[in-house]
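Undergrad: Attaching a predicted model along with its sequence, questions to come.
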Amino acid sequence: MSFRALYVEQQVEKGAVVRHEAQLRTLDDRVLEEAPGDVAHHEGAGDSGAVTIDVDYSALNYKDGLALAGRPGVLRRSPLIPGIDAVGRVEASADPRFSPGESVVLNGDGLGESRNGGLAEKVVVRGEALVRIPDAFSPLHAAAIGTAGFTAMLAVLALERGGVSPDSGDVLVTGAAGGVGSVAVAVLARLGYRVTASTGRAESEGDYLRELGATALLNRADFADAGRPLQKGRWAGAIDVVGGATLANVIAQASYGATVAACGLAGGADLPTTVLPFILRGVTLAGINSVEAPRTLRVEAWSRLASDLDVHLLDTMTTTIGLEDALSAADRILAGEIRGRTVVDVRR
């Protein structure tokens, strides 16, 4: 049997990609047989059986853009099918928790990085990381949420665990017009938080962000250069997808007892700050790792998304493209030119 997939082959030398090719190909099912890094060899696989999914939808995330555009740091082996999200129907399962025909979603867990991913008509995944799609969502909605929305919900849960409530004060979301930011703004606003959205596209995306629930907008340039380690306290909580100087400024502006959830590094992996916000204001920096989230947290996050994310707002932030279209969209998501969420219909 054969299936269509985006297929990436690249050679990396001393951290630089020296050869790269990404194309739509028709592949034999044998490509999905277990290989180093795949299901049976995944750390912590334990008693979790392999589940084969007939994929209907994937999504275009920042990591997928890096992989498709030939940037280093995502693909752990080559060749590989990219795609960190997969939504579809169970074809076969060695995990007793899942049966053929069930609609399921998987985010992260090495897909599109160390294991063949979801930008294909078929994928093999670990049952331990798989979640049934909540009744509140269609498969298309689940793909629109994807890793970005899943990450946003994990960040919201981190704020709640840190004691940040709607009565605590203003909450900041950086990179607000992107996938993680859009879902974060929508969820926080629905929960009753006063959300300030930071974006580099305030003129073009201001109305969009206000429709999602943002009450105020800031220009990302205000956070671009590292400032003093302690600034005026403004935020009871924050969700940052940028990293670098932006995250340093967000931490410096955090109020006493604030929690800042960090889930991205588009602006850099460095953190030019000091311990002062942490020891003088009791600020908590919570790291968000959606790739290795345990099953209990995955189920909790998807349950909360079903109750706390307005599907009508989700529709407004979602664009659907075909499988081959993802190749040309990769550069645009890396350039920050894509609004909200981009679903990839792998059957188109």
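TA: The structure has been received and is ready for your questions. Residues are numbered from 1 along each chain as shown.
Undergrad: Show the subsequent helix or strand relative to the helix or strand where Gly257 lies.
TA: Here Gly257, judged by DSSP states H and E, is contained in strand 254-262. Next in sequence after strand 254-262, counting helices and strands by DSSP H and E, comes helix 276-280.
Undergrad: Now that following helix - C-alpha only, CSV.
TA: Taking Å, rounded to 0.1, in the frame of the first residue of the first chain, the C-alpha atoms of helix 276-280 are listed here in CSV:
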residue,chain,number,x,y,z
LEU,A,276,16.1,40.1,40.9
PRO,A,277,12.5,39.6,39.7
PHE,A,278,12.5,36.2,41.2
ILE,A,279,13.9,37.0,44.7
LEU,A,280,12.4,40.5,45.1
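Undergrad: what comes up buried for it?
TA: Pro277 (16 or more other CB atoms under 10 Å). C-beta coordinates here come from the backbone N, C-alpha and C atoms, glycine included.
Undergrad: Check which element follows it along the chain.
TA: That would be, after helix 276-280 and using DSSP H and E, strand 284-287.
Undergrad: Show me what that next one pairs with in its sheet, parallel or antiparallel.
TA: strand 254-262 (parallel) (DSSP bridges).
Undergrad: domains of this structure?
TA: Here the domain parsing of the chain from automatic domain parsing is 2-132+317-345, 146-287.
Undergrad: mind listing what the residue of the chain positioned farthest from its centre touches?
TA: Most distant residue from the mean C-alpha position of the chain: Leu280, 31.9 Å away (CA atoms, centre = their mean). Applying CB atoms under 8 Å, 6 or more residues apart in numbering to Leu280 gives the contacts Leu230.
Undergrad: ditto for the one 4 residues further on
TA: For Thr284, the set of contacting residues under the criterion of CB under 8 Å, 6+ apart consists of Gly162, Ala258, Thr259, Val260, Phe278.
Undergrad: Just the buried ones among these, please.
TA: Gly162, Ala258, Thr259, Val260.
Undergrad: between those, which is nearest Ala306?
TA: Minimum distance to Ala306 across the buried ones among the contacts of Thr284 is 22.9 Å, recorded for Gly162 (CB to CB).
Undergrad: pretty sure the closest one contacts Gly237?
TA: Yes - in this structure Gly162 lies within contact range of Gly237 using CB atoms under 8 Å: 7.0 Å.
Undergrad: So for these two, which residues contact both of them?
TA: By CB under 8 Å, 6+ apart, the residues touching both Gly162 and Gly237 are Ala258, Thr259.
Undergrad: Pull the most distant pair out of the buried ones among the contacts of Thr284.
TA: Gly162 and Val260 (8.7 Å).
Undergrad: which element follows the biggest helix by length in the chain toward the C-terminus?
TA: The longest helix of the chain (DSSP state H) is helix 139-161. Sequence order places strand 171-173 as the next helix or strand after helix 139-161, per DSSP H and E.
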